[in-house]
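K.L.:
Following is a predicted model, sequence given first.
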Amino acid sequence: MAQTNAPEAAPDRIDPNDPQSRARWTRELDCTEDQLREAVRAVGADASDVELHLKGARSSTNADRVHEADSG
């Protein structure tokens, strides 16, 4: 069976220029298209790397949580 370079051949790669790919990954990673594009620019098109980048961008530190508790 011949292999192709179709997007289905690399399901863990994100193509920020393809509307279908953007729609799928923004839905799966719960992010905006701008966040997706920025993440791909920062870490490349590997979906697991993008996911880790996005999670890191949204995570809070213990210091953040302590500050929120003190001000609440």
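P.N.:
Here it is on my side, so go on.
K.L.:
Okay, strands next: where are they in this structure?
P.N.:
Taking DSSP state E as the criterion, the chain carries no strands.
K.L.:
Could you report the neighbour count for Ser48?
P.N.:
9 (other Cβ atoms under 10 Å). To be clear about C-beta, it is placed using only N, CA and C from the backbone, and glycine gets the same treatment.
K.L.:
My error: substitute Ile14 in the last question.
P.N.:
Here the count is done by other Cβ under 10 Å, and Ile14 has 26 residues near it.
K.L.:
same check, this time on the one 10 residues further on
P.N.:
A total of 16 residues lie near Arg24 under the criterion other Cβ under 10 Å.
K.L.:
what does Pro19 give?
P.N.:
Look at Pro19: counted by other Cβ under 10 Å, it has 10 neighbours.
K.L.:
before we move on, what about the one 4 residues further on?
P.N.:
Using other Cβ under 10 Å, Ala23 has 11 other residues around it.
K.L.:
contacting residues around it?
P.N.:
Applying Cβ atoms under 8 Å, 6 or more residues apart in numbering to Ala23 gives no contacts.
K.L.:
ok, now Ala42?
P.N.:
Here Ala42 is in contact with His53 (criterion: Cβ under 8 Å, 6+ apart).
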